[in-house]
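*Asks:* Predicted model, plus sequence, below.
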There are 2 protein chains.
Amino acid sequence: MKTTLAFLIALVATTGFSQEKTIQERLGYSKDTKLLIIHADDIGVSHSENMATIHSMEKGSVNSGSIMVPCPWFFEIASYAKAHPAADFGLHLTLTSEWDLYKWGPVTERSKVKGLVTDKGFLNDNNEAVHKNATAAEVETELRSQIERAKQFGIDPTHFDSHMFCAVSQPAFLSVFLKLGREYKVPVLLNHDFLKNFANIDLKKYVGKTDVVVDQLFMAFPPDYEKGMSNYYGEVFASVKPGLSCILLHASYDNEEARGVMGEHTGYGAAWRQDDFNFFTSENCKKLIDANKIKVINWREIRDKLLR
Amino acid sequence: MKTTLAFLIALVATTGFSQEKTIQERLGYSKDTKLLIIHADDIGVSHSENMATIHSMEKGSVNSGSIMVPCPWFFEIASYAKAHPAADFGLHLTLTSEWDLYKWGPVTERSKVKGLVTDKGFLNDNNEAVHKNATAAEVETELRSQIERAKQFGIDPTHFDSHMFCAVSQPAFLSVFLKLGREYKVPVLLNHDFLKNFANIDLKKYVGKTDVVVDQLFMAFPPDYEKGMSNYYGEVFASVKPGLSCILLHASYDNEEARGVMGEHTGYGAAWRQDDFNFFTSENCKKLIDANKIKVINWREIRDKLLR
C-alpha cells in the first residue's frame, strides 16, 4: 500500500504537475528567479586559456566551464579539475580543430574514425567538413572516447556541450549528443532558439519536459565584440529573464602563445579572449549581476538536483 | 675506358686514401679547419621554442636545428621549414615526453607501439622506462612514422638526432637509428666519447670510416648553467679543435607558456633556454666564433657532400 502510494506520487510528479513547472521551480527556486550560468568554453586548448579561465573562476564571476579533451593542454586542466573537485567542469566535446597552425587530432585511433580526420591526421577545420565526411557512428565513437579519457584523468563532468556547436549542428549528431548525456546522467547544453537559428532543428521533437533546456543562451558574436564587451555584457545582464540562462565566453590572456594559436583571426582571437577575461574578472561584472537580481547557478547543482 | 678510369678513381676514393682522411678533409676543408655546427634542439615542443629558435637562426648564430614531430607545435615549424627550404632542419626523433603536465603521444597509432606509451597514452617520461617497456621493433615503427610524417608536411630532413639521446641509449635502439639514417641518406648525430660515457657503447663496433661522426660534442649540463652560459660557451668556443664539432643548445623565450611547459624544472627549464637564446643571439657569440677561427657548417652541407 505504502509502495503503491509512493509510486502514484512519483507518477504524478513526473507526468502531471511537474510538466507545468518552470526549470527554476524544478530546481527549487521561485518562478521569478533569474538563474544564470557564466560559462567559459575551450579550456585545455592552451596554457593561456587554462590560466585565464582558472583565474576567472577563482577570482572572477565565471562559475562553470568545459574542457576540450583532445587538446594539448588537457592534462594540465584535468589535473587542476581533479585537485579541485568542487569546481564546475564539463566537457566541451570536440569534433573540429579550427586554427591554422596549431591543431589536434581525435582521441580515438585515427583508423577507427577516418571521417573525422584530415589527411594530416587532424580533426576537420569546420562543421561542414564534419557533416560531409563523418558518420554519426564515428561521432559517437569519438565523443565516447573523449568522455572516457576525461574520466580516466579524474574528471567527473558536470555537463556536456560542444565545441563550435558541432555536436548539435545536425539531427544525427544531436541524437548522439542527447544519448550520451542521458547515459552519463549529465545535462547537455540545449536551447530552442539557438538550435532553430543555427541548425534549423526543432528541439521539441528531441526533448521532453523533464530534460534540461536553457531558456536564454548568450554568446558574443563579432558585431557584439565591435561595440565593446562591457557594453555587450551590460545589455546581456539587463536582458536576462526569469528562467535558466547561460552566457558562453572564452577567457585567455592575450600573450605570445594565444596569438600563436589564433594568429590573425579576430573572431574569438587572443584580444577578444583577453577582453572576455577582463570583463568577467571586473567589479563591474559583479555589480551587474547584483543590480539585475541575478542568481548564479552552475551545472553541478542542475545535474545533481535533476539527473542524479 | 673513360668509364673504367672513373670507376677506379671512385673505388680508390671510397676504399683507399679516403679512409685516412679527416672528416674536414672529406668535406673539402684543410686538416686544420675547425668546423662547428651550432644546433638548436627541441623545435616544435612549444610556440615559444619555435619563435625563439627561428629568431636565433635568422638573426643569431644558430645554423641548424631539429624538430620533434609528435609535439603540439610541430605543424607551425613544419610550415616554416617548408617555406624556408634553405634553412637547416633535421628531426629530433622522439621516444619520450618528459614534462609533468604537458605531454605528447606517439605518431603511430598507440595500439601498434604499446611499449612506447603509458596507460594515459603519452610517451614514457624517461629513457629507462623506454628500455624497460619498448622493443627495438616498436622504436623503429615509431621513428619511421615520425620521418614519414615530417616528409608529408614538406620537411626534407638534413639529419637525425634523438630527444634525450633515447635513440642512442642502448645498442638495439642505436642500430635502428643508424639503419634509418642510412636508409634516408642523412647523417645521424654520433660521437665516440658521448656514447661511451652516456650508454657505455663502443661506437667503433657500429660505424665505418665512411660514416659521419662528430669529433667533439658540446652541451651544457646543470653545473655549466650555474656558472653562467656566457662563461660556459666562451670555454666551449676556445676548446673547439680542428675537426667536426657540434654544440647542442635549447632556445626558448622565458614566457608564460614556457614556464607552463617546464614548470619548476631548472634543468633545461624556461630560464635556461632564455639564457641560451640570449647567448646565441649576442654579438659576443659572433665575436667568439671569429676570434677562435671557427668555420660554421650545417648538416645540409655535410649530407649533400658525403651522403647524396
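*Replies:* Arrived safely.
*Asks:* Please make it C-alpha for all contacts and neighbour counts, starting now.
*Replies:* Fine.
*Asks:* Who are the contact partners of A:Phe74?
*Replies:* Residues counted as contacts of A:Phe74 (CA atoms under 8 Å, 6 or more residues apart in numbering or on different chains) are A:43-45, A:67-68.
*Asks:* let me redo that: A:Asn50
*Replies:* The neighbours of A:Asn50, taking CA under 8 Å, 6+ apart as the test, are A:43-44, A:73, A:76-77, A:252.
*Asks:* how about a cut-off of 10 Å?
*Replies:* A:42-44, A:56, A:67, A:73-74, A:76-77, A:80, A:251-253 (CA atoms under 10 Å, 6 or more residues apart in numbering or on different chains).
*Asks:* ok, and for stretch A:150-165, which residues are buried?
*Replies:* A:150, A:153-165 (16 or more other CA atoms under 10 Å in any protein chain shown).
*Asks:* What mean pLDDT does stretch A:96-107 get?
*Replies:* Across stretch A:96-107, pLDDT averages out at 98.
*Asks:* ugh, typo on my part, it should be stretch A:29-40
*Replies:* On average, stretch A:29-40 scores 98.
*Asks:* do stretch A:74-89 as well
*Replies:* Mean per-residue pLDDT for stretch A:74-89: 98.
*Asks:* before we move on, back to that, max pairwise distance over the contacts of A:Phe74: which two?
*Replies:* Between any two of the contacts of A:Phe74, the greatest separation by CA to CA is 8.2 Å, found for A:Val45 and A:Ile67.
*Asks:* Around chain B, pick out the residues from chain A.
*Replies:* Proximity of chain A to chain B (CA under 10 Å from any CA of the partner chain) is limited to residues A:46-48, A:51, A:71-79, A:100-104, A:107-111, A:119-121, A:149, A:152-153, A:253, A:255-261.
*Asks:* Could you rerun that using 8 Å?
*Replies:* Taking CA under 8 Å from any CA of the partner chain as the criterion, chain A approaches chain B at residues A:47-48, A:72-73, A:75-76, A:79, A:101-104, A:109-110, A:120, A:152, A:256-257, A:260.
*Asks:* right, and A:Pro222 touches A:Gly267 too?
*Replies:* Yes. With contacts counted by CA atoms under 8 Å, A:Pro222 reaches A:Gly267, the gap being 6.1 Å.
*Asks:* Which residue of those two possesses the greater neighbour count?
*Replies:* Neighbour totals were compared for A:Pro222 and A:Gly267, and A:Gly267 leads with 15 against 11 (other CA atoms under 10 Å in any protein chain shown).
*Asks:* does that one sit in a helix, a strand or a coil?
*Replies:* Under DSSP: H, G, I helix; E, B strand; the rest coil, A:Gly267 falls in the coil class.
*Asks:* And it, how far from chain B?
*Replies:* Plainly put, A:Gly267 is 20 Å away from chain B if you go by CA to the nearest CA, to the nearest Å.
*Asks:* what does A:Asp215 give?
*Replies:* Counting by CA to the nearest CA, the gap from A:Asp215 to chain B is 38 Å.
*Asks:* picking that back up, going by distance to B:Leu27, which of the contacts of A:Phe74 wins?
*Replies:* A:Val45 (46.4 Å).
*Asks:* ok, the most centrally placed residue in chain A - contacts?
*Replies:* Centroid check for chain A by CA atoms, centre = their mean gives A:Asp161 as the closest residue, at 3.7 Å. Going by CA under 8 Å, 6+ apart, A:Asp161 touches A:66, A:90-93, A:188-189.
*Asks:* Save those as TSV, and put in secondary structure and neighbour count too.
*Replies:* Formatted as TSV, the contacts of A:Asp161 follow (DSSP: H, G, I helix; E, B strand; the rest coil; neighbours: other CA atoms under 10 Å in any protein chain shown):
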residue	secondary structure	neighbour count
A:Ser66	strand	24
A:Gly90	strand	29
A:Leu91	strand	27
A:His92	strand	29
A:Leu93	strand	26
A:Val188	strand	25
A:Leu189	coil	20
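*Asks:* Look at A:Arg300 and say how many residues are nearby.
*Replies:* 21.
*Asks:* Contact partners for the nearest residue to it once chain neighbours are set aside?
*Replies:* Leaving aside its chain neighbours, A:Arg300 sits nearest to A:Thr158 (5.0 Å; criterion: CA to CA, 6 or more residues apart in numbering or on different chains). Shown in contact with A:Thr158 (CA under 8 Å, 6+ apart): A:88-91, A:186-187, A:299-300, A:303.
*Asks:* How about A:Ala81?
*Replies:* A:87, A:89, A:154-155 are the contacts of A:Ala81 under CA under 8 Å, 6+ apart.
*Asks:* Which of those residues sits closest to chain B?
*Replies:* A:Gly154 (11.6 Å; CA to the nearest CA).
*Asks:* May I ask you to confirm that that closest one is in contact with A:Ala78?
*Replies:* Yes. Counting by CA under 8 Å, A:Gly154 touches A:Ala78, with 6.9 Å between them.
*Asks:* Adjacent strands (with direction) for the helix or strand harbouring A:Lys295?
*Replies:* Using DSSP states H and E, A:Lys295 falls within strand A:294-296. The pairing partners recorded for strand A:294-296 under DSSP bridges are strand A:34-43 (parallel).
*Asks:* Now do the phi/psi pair for A:Leu189.
*Replies:* In terms of degrees, to the nearest 10, the main-chain angles of A:Leu189 are phi -70, psi 120.
*Asks:* Without its sequence neighbours, what residue ends up closest to it?
*Replies:* Nearest in space to A:Leu189, with sequence neighbours left out and distances taken as CA to CA, 6+ apart, is A:Asp161 at 5.2 Å.
*Asks:* Let's see the pLDDT reported for A:Thr3.
*Replies:* If you check A:Thr3, the pLDDT there is 43.
*Asks:* quick one: the helices in the stretch 1-150 of chain A?
*Replies:* A:2-15, A:23-26, A:47-58, A:74-83, A:127-133, A:136-152 (DSSP state H, counting those that start in this stretch).
*Asks:* and stretch A:298-308, C-alpha only, in CSV?
*Replies:* Extracted C-alpha coordinates of stretch A:298-308, given in CSV (Å, rounded to 0.1, in the frame of the first residue of the first chain):
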residue,chain,number,x,y,z
ASN,A,298,26.3,26.1,-12.0
TRP,A,299,25.8,22.8,-14.0
ARG,A,300,26.7,20.7,-11.0
GLU,A,301,23.7,21.9,-9.0
ILE,A,302,21.5,21.3,-12.0
ARG,A,303,22.9,17.9,-12.6
ASP,A,304,22.7,16.8,-9.0
LYS,A,305,19.2,18.1,-8.5
LEU,A,306,17.6,17.0,-11.7
LEU,A,307,19.5,14.0,-13.0
ARG,A,308,21.1,12.1,-10.2
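*Asks:* ok, and what's touching that stretch?
*Replies:* Residues outside stretch A:298-308 that contact it (CA under 8 Å, 6+ apart) are A:26-27, A:36-38, A:63-64, A:88, A:158-159, A:185-187.
*Asks:* returning to what we had before: tell me which of the buried residues of stretch A:150-165 fall in helices.
*Replies:* Mapping these onto helices (DSSP state H) picks out A:Ala150.
*Asks:* Return the member of the buried residues of stretch A:150-165 nearest to A:Gly243.
*Replies:* The shortest gap between A:Gly243 and any of the buried residues of stretch A:150-165 belongs to A:His159, at 18.4 Å (CA to CA).
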